[in-house]
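Enquirer: Test case, fold it:
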Amino acid sequence: MPFCSKCGNHVGTADAFCGRCGAAQPVTPPPPVAPGDPLSQVNPRTASILCYVPGLGWIAAIIVLASQRFRRDRTVRFHAFQGLYLFVAWLMEDWVFRPMALVMMPHLHLGQIIQTVLLVASIFMMVKAAHNEAYSLPLFGDLAERSVVED
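Expert: Here you go, the predicted model:
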């Protein structure tokens, strides 16, 4: 956290003036952007939200994980990994659970219940990402946290 250039009080990174003495704070330039980086104008919050879009979020998550722009942003990488794990759960439901449930219990629509739960989890995580919160879903969040640490 930066300090006031005049009195030494704690100031936020976006504060133009000190809250205690009112002194103008020096403007810090934005971090340098790699030339030709297609994600240079993407907000970290937007990138996090896109990782949870049902059906297409896995593409955004892979792009985020491969980009130089978000290489050091642990929160965005957490959302990307968690979005990928949610997508894997969608695939497992579609390719494994639904066919098994149709054969074993045709009268119970277990696949639709699981799909609904995954859809609600995706929407919930989009809202959390919009509020810049790295909420850890059960099972998926633990895997995502480990993936970010190992990365």
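Enquirer: The chain: helices as residue ranges?
Expert: 44-50, 57-66, 74-92, 98-104, 110-130, 140-150 (DSSP state H).
Enquirer: got the buried residues for the second one?
Expert: Residues of helix 57-66 classed as buried: 57-58, 60-61, 63-65 (neighbour count, 16 or more other CB atoms under 10 Å). All C-beta spots, glycine's among them, are computed from the backbone N, C-alpha and C.
Enquirer: Kindly report the same for the first one.
Expert: Judged by neighbour count using 16+ other CB under 10 Å, the buried positions of helix 44-50 are 44, 47-50.
Enquirer: ok, now the fourth one?
Expert: By 16+ other CB under 10 Å, the buried positions in helix 98-104 come out as 98, 101.
Enquirer: Any regions of this structure where pLDDT drops low?
Expert: For the chain, the stretches flagged by pLDDT under 70 are 1, 28-37, 151.
Enquirer: contacting residues around the spatially most central residue of it?
Expert: The centroid of the chain falls nearest to residue 79 when counting by CA atoms, centre = their mean (2.5 Å). Neighbour list for residue 79: 47-48, 51-52, 61, 64, 125, 129, 134, 144 [criterion: CB atoms under 8 Å, 6 or more residues apart in numbering].
Enquirer: Done for today, thanks.
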